[in-house]
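Student: test case, fold it:
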Amino acid sequence: MTVVVARNLSNIRARIAGAGADPERITIVAVTKGFSADAVRAAVDAGLCDVGENYAQELIAKASAFEPSACAVAGDSLRWHFLGPIQRNKVRALAPVVTVWQAVDRRAAGEAIARRVPGARVLAEVNISGESSKHGCTLPEVPALVDDLGTLGLSVLGLMAIGPSGPPELARPGFRAVVQLARQLALPEVSIGMTEDLEVAVQEGATMVRIGRGLFGPRPGASRLRR
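Tutor: Take a look at the predicted model:
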């Protein structure tokens with residue numbers, strides 16, 4: 001798997017460059033949802049230090065198999081990104097291992113994180129598609145949420161959004177709005193773009209992309225582990 005992931009990572013970086021950005025300035029989060037710990041090892045061996053999981057139990061189980069120093073990049077540490085909706089009853093177990101909480105969409109979630117991890121690094125999740133299947137606050141709600149998270153003592157790094165279902169180009173207006181809002185709020189990070197809409201996200205100003213299938217191929221069926 002390591003050879004395949006390394007080759008796929010090279011392709012992802014080429015796509016980022018082709019979209020007009022410096023691949024070294026874009027954080028690639030390897031999304032290992034549904035894959036075994038071998039996928040994490042392959043990503044780390046390929047030089048990726050940022051790994052994302054959507055389900056609490058999967059993240060906890062995989063994190064227990066790796067030391068923070070496992071990252072293959074000299075002087076760097078393995079960073080776990082929690083990408084799923086924040087369930088307050090899961091925060092206690094996640095707190096010791098999560099580096100970045102990418103999907104904080106309401107004050108109550110921020111309060112749960114702040115109680116366990118004062119000063120935790122978080123992203124505010126925005127729902128740009130209006131799809132009920134996707135989490136996140138609306139664009140007009142973002143400034144108040146960012147203020148709330150800041151008053152809780154959390155370190156708000158930026159905004160996160162998932163593109164709408166359908167052709168990648170449909171994501172462009174929403175991605176552009178999220179990037180513009182992040183700049184207005186002086187937030188440095190914008191986590192947008194996945195395998196399908198990577199180029200659109202990069203062209204609109206992504207600083208972070210979340211890649212699963214583009215690195216590891218199709219997921220091997222639904223995970224038995226639950227949030």
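Student: as a check, name the ranges of all strands in this protein.
Tutor: Assigned by DSSP state E, the strands in the chain fall at 27-31, 50-53, 79-82, 98-104, 121-126, 155-161, 189-191, 208-211.
Student: pipe those strands into a markdown table and attach mean pLDDT and distance to Val3 per row.
Tutor: C-betas here are computed from N, CA, C, even on glycine. Formatted as a markdown table, these follow (pLDDT from 0 to 100; distance: least, Cβ to Cβ, whole Å):
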| stretch | mean pLDDT | distance to Val3 |
| --- | --- | --- |
| strand 27-31 | 98 | 15 |
| strand 50-53 | 97 | 19 |
| strand 79-82 | 97 | 24 |
| strand 98-104 | 97 | 27 |
| strand 121-126 | 98 | 32 |
| strand 155-161 | 98 | 31 |
| strand 189-191 | 98 | 28 |
| strand 208-211 | 98 | 17 |
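Student: how many other residues sit next to Cys137?
Tutor: 19 (other Cβ atoms under 10 Å).
Student: can you pull up the bridge partners for it?
Tutor: Val126 (DSSP bridges).
Student: just checking, it touches Ile128?
Tutor: No. Counting by Cβ atoms under 8 Å, Ile128 is not a contact partner of Cys137; they are 10.5 Å apart.
Student: so where do the helices sit in the chain?
Tutor: Secondary structure of the chain (DSSP state H): helices at 2-18, 37-45, 56-63, 88-94, 107-116, 142-151, 172-184, 198-204, 213-216.
Student: what is the second one packed up against?
Tutor: Using 3 or more Cβ pairs under 8 Å, 6 or more residues apart in numbering; DSSP states H and E as the contact criterion, the neighbours of helix 37-45 among helices and strands are helix 2-18, strand 27-31, strand 50-53, helix 56-63, helix 213-216.
Student: got the ones you listed as TSV, with distance to Ala161 columns?
Tutor: Below are these laid out as TSV (distance: least, Cβ to Cβ, whole Å):
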stretch	distance to Ala161
helix 2-18	18
strand 27-31	14
strand 50-53	15
helix 56-63	21
helix 213-216	18
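Student: of the strands of the chain, which stretch is the most buried?
Tutor: With neighbours defined as mean count of other Cβ atoms under 10 Å, the strands of the chain peak in mean count at strand 121-126, which reaches a mean of 27.
Student: what about Ala72, how many residues close to it?
Tutor: 14.
Student: quick check: which ranges of this protein have low pLDDT?
Tutor: Residues of the chain that meet the criterion pLDDT under 70 lie in 74, 221-227.
Student: re earlier: for Ile28, which of the helices of the chain is the nearest?
Tutor: Nearest of these to Ile28, taken as Cβ to Cβ: helix 2-18 at 6.4 Å.
Student: give me the angle between that closest one and helix 37-45.
Tutor: 50 degrees (axes from the mean of the first three to the mean of the last three Cα atoms, to 10 degrees).
Student: before we move on, back to that, of the helices and strands packed on helix 37-45, which is nearest Glu169?
Tutor: Closest to Glu169 of the helices and strands packed on helix 37-45 is helix 2-18 (Cβ to Cβ; 15.5 Å).
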